[in-house]
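**Q** Next come a sequence and a model predicted from it.
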Amino acid sequence: MPSKRPAVPPAEAPATNPLALDEQLCFAVYSTMLSLNKVYRGLLRDLDLTYLQYLVMLVLWEKDSVNVSEICKRLALETTTLTPLLKRLEARGLIQRVRSASDERQVIVSLTTEGRAMHKKARALPACVAEAMALEPQDIGNLRDQLLALRSNLDRNA
């Protein structure tokens, strides 16, 4: 008759520290954004744009002549952050700001000829960023979708 072996409990995985920096999703997102900004900084140098200025230009390349509040909403920025960016873009001749004729409280931001021309120079940027990510296009799309869903959930629960 075979002898029974005593039951050996399975080895436990080492406990993780829930407050360890490397365990924090917020830090993974934050540090990834810092790295992404480094990539953009190098790519945007030729256009002489900061990352936030580039985001403003993206909004305007999608839809020209929008009011400041719409840009703020699209970029999740306060007007106190956006206004100095717009002033610098205007000083460079890329945009113009004009008070709305129908509502003096609204400022309409439009591309200049130079701002529209910059769009052609910027077309290669997304492919360069994708190359730096070293991910398949489908994986980049999936990651973006997951981040957008995460942002939506966080906004809803904030």
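**A** That came through fine.

**Q** What are the phi and psi values at Gln96?
**A** Main-chain dihedrals, Gln96, degrees, to the nearest 10: phi -130, psi 150.

**Q** residue contacts, it?
**A** By C-beta atoms under 8 Å, 6 or more residues apart in numbering, Gln96 lies in contact with Glu90, Val109, Ser110, Thr112. Glycine gets a C-beta too; all of them are placed from N, C-alpha and C.

**Q** Next: Gln138.
**A** Contact analysis of Gln138 by C-beta under 8 Å, 6+ apart lists nothing.

**Q** for Leu143, same thing?
**A** With contact set as C-beta under 8 Å, 6+ apart, Leu143 has these partners: Leu135.

**Q** is it true that it lies in a helix?
**A** Yes - according to DSSP: H, G, I helix; E, B strand; the rest coil, Leu143 belongs to a helix.

**Q** by contact count, what packs against the strand or helix carrying Pro84?
**A** Element membership of Pro84 [criterion: DSSP states H and E] is helix 79-91. Taking 3 or more C-beta pairs under 8 Å, 6 or more residues apart in numbering; DSSP states H and E as the contact definition, the neighbouring helices and strands of helix 79-91 are helix 51-62, helix 68-75, strand 95-99.

**Q** try 6 Å this time
**A** Counting by 3 or more C-beta pairs under 6 Å, 6 or more residues apart in numbering; DSSP states H and E, the packing neighbours recorded for helix 79-91 are helix 51-62.

**Q** Packing partners of the helix it packs on?
**A** Here helix 51-62 is seen to pack against helix 25-44, helix 68-75, helix 79-91 when contacts are counted using 3+ C-beta pairs under 6 Å, 6+ apart.

**Q** Next, the buried residues of the shortest one.
**A** Spelled out, it's helix 68-75. Val68, Ile71, Cys72, Leu75 (16 or more other C-beta atoms under 10 Å).

**Q** That helix - what's its average pLDDT?
**A** Across helix 68-75, the average pLDDT comes to 97.
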